[in-house]
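Student: Turn this into a model:
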Amino acid sequence: MSFKLALVSLAVSLLARIPVVQSSEDYPLLPTWKCTTSEGCLQQNTSVVLDQDSKLAHGAAGSRTTADYSAMGVSTSGNALTMYHYVKTVAASPRVYLRGEDGKYVLMSLLNQELSVDVDLSTLPCGENGAFYLSEMAADGGGGAGAGQGYCDAQCQGYCCNEMDILEANSMATAMTPHPCKDKTCDKGGCGYNPYASGQRNFWGSGKTVDTSKVFTVVTQFVASGGKLSQITRKYIQNGRQIGGGGTISSCGSEGSTGGLTGMGQALGRGMVLAMSIWNDAAQQMAWLDAGSNGPCTSGQGTPSNIQSQHPDTHVVFSNIRWGDIGSTTKG
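Tutor: As a prediction, the model looks like this:
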């Protein structure tokens, strides 16, 4: 009996030395606002959760560990989210999702609604992308929202689903692009609007109409007619002045094959998850966004090695996120 007791005592001693694995993590708080024209804007007690792949890339084992958000380039302060691409010379390239008090992703139902956000892109050079977009992910992340699971998009990463790129941008160029899907057939190229590509060569950039060296507000309106999405309209606000000319999208491919603008509107009506990320593109150097006919950047400027060596501090700040009735998010 004494031998057995000794073994039990030894086992207890060894177990006590094994570190406890955390079952949850401290999600950085990021208050947002849901607005109506009648009652104004009501604060939502929201937070952000890192995408599962971001955690795995940095050695975390999903929901079984407490993720170190700062080590992965993510921090919040008040209503502002800051994401760094590089942390101590390592590419973090984080992606996060908006999370509600119930532990699920927030589903934004935006048909005949608008979404606004304040943006600071001043440190994003050619080849970098500060992305603010919507994905028709499941609210519970397939059972893993707390771990940042369940990602999908129109490129069929994870799985195929509707994607609405509200803002893909750096300090040199920008685009907004709906990517509707019908079943597993998605419009991967999308129906984007890029001011530079449309001939507005002095619209976007440092010191230009939308001065990307300073903070500004991006307002995207999803206008419906007869219960269907009829157009997506963009406007900007900077220094207290509204700036038009941000673009309007009134069609998007074949309704029969990918769902078209109608399908995009149906997804917006059902509710989509807000995703935010910062990344660059070794294969194409983000030329589809900011070079050639799409922007003023030249070949070679947008390589990841060039960005890391010349712009190691590159980061994006999204703040003051509001959604609701058209005209309500920037009232006053």
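
Student: List the contacts of Val316.
Tutor: Neighbour list for Val316: Thr82, Met83, Val119, Asp120, Leu121, Thr123, Leu124, Gly130, Ile278 [criterion: Cβ atoms under 8 Å, 6 or more residues apart in numbering]. All C-beta spots, glycine's among them, are computed from the backbone N, C-alpha and C.

Student: residue ranges with poor pLDDT in the stretch 201-332 of the chain?
Tutor: Applying pLDDT under 70 to the stretch 201-332 of the chain picks out residues 332.

Student: quick one: the strands in it?
Tutor: Secondary structure of the stretch 201-332 of the chain (DSSP state E, counting those that start in this stretch): strands located at 204-205, 210-211, 216-225, 228-238, 241-243, 248-249, 272-280, 315-325.

Student: Can you add distance to Pro178 and give these back as JSON lines?
Tutor: What follows is those, written out as JSON lines (distance: least, Cβ to Cβ, whole Å):
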{"stretch": "strand 204-205", "distance to Pro178": "20"}
{"stretch": "strand 210-211", "distance to Pro178": "21"}
{"stretch": "strand 216-225", "distance to Pro178": "10"}
{"stretch": "strand 228-238", "distance to Pro178": "6"}
{"stretch": "strand 241-243", "distance to Pro178": "22"}
{"stretch": "strand 248-249", "distance to Pro178": "6"}
{"stretch": "strand 272-280", "distance to Pro178": "11"}
{"stretch": "strand 315-325", "distance to Pro178": "17"}
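
Student: ok so, going back, out of the contacts of Val316, which is nearest to Phe216?
Tutor: Set against Phe216, the nearest of these by Cβ to Cβ is Val119 (6.3 Å).

Student: His85 contacts Ile307, correct?
Tutor: Yes - between His85 and Ile307 there is a contact under Cβ atoms under 8 Å: 7.5 Å.

Student: show me where the protein has helices.
Tutor: 2-16, 52-57, 260-270, 287-290, 304-310 (DSSP state H).

Student: List the residues that contact the most centrally placed residue in the chain.
Tutor: Among the residues of the chain, the one closest to the centroid is Met276, at 1.9 Å (Cα atoms, centre = their mean). Neighbouring residues of Met276 by Cβ under 8 Å, 6+ apart: Val48, Leu81, Met83, Arg95, Val96, Tyr97, Leu98, Ala131, Phe132, Tyr133, Phe318.

Student: let's see it at 10 Å
Tutor: Met276 sits next to 30, 48, 74, 81, 83, 94-98, 117, 130-133, 166-167, 316, 318, 321 when contact means Cβ atoms under 10 Å, 6 or more residues apart in numbering.

Student: again, but for Gly259
Tutor: Counting by Cβ under 10 Å, 6+ apart, Gly259 touches 162, 178, 180-183, 185-187, 252-253, 265-267.

Student: For those residues, give me CSV that also has distance to Asp53 and neighbour count.
Tutor: Shown next, in CSV, are these (distance: Cβ to Cβ, whole Å; neighbours: other Cβ atoms under 10 Å):
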residue, distance to Asp53, neighbour count
Asn162, 20, 28
Pro178, 24, 31
Pro180, 24, 30
Cys181, 21, 23
Lys182, 26, 18
Asp183, 25, 8
Thr185, 24, 16
Cys186, 20, 24
Asp187, 24, 24
Cys252, 28, 24
Gly253, 28, 21
Gly265, 29, 28
Gln266, 28, 17
Ala267, 23, 24
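
Student: I figured Tyr69 hits Gly148, correct?
Tutor: No - at 11.1 Å, Tyr69 and Gly148 do not qualify as touching, with contact defined as Cβ atoms under 10 Å.
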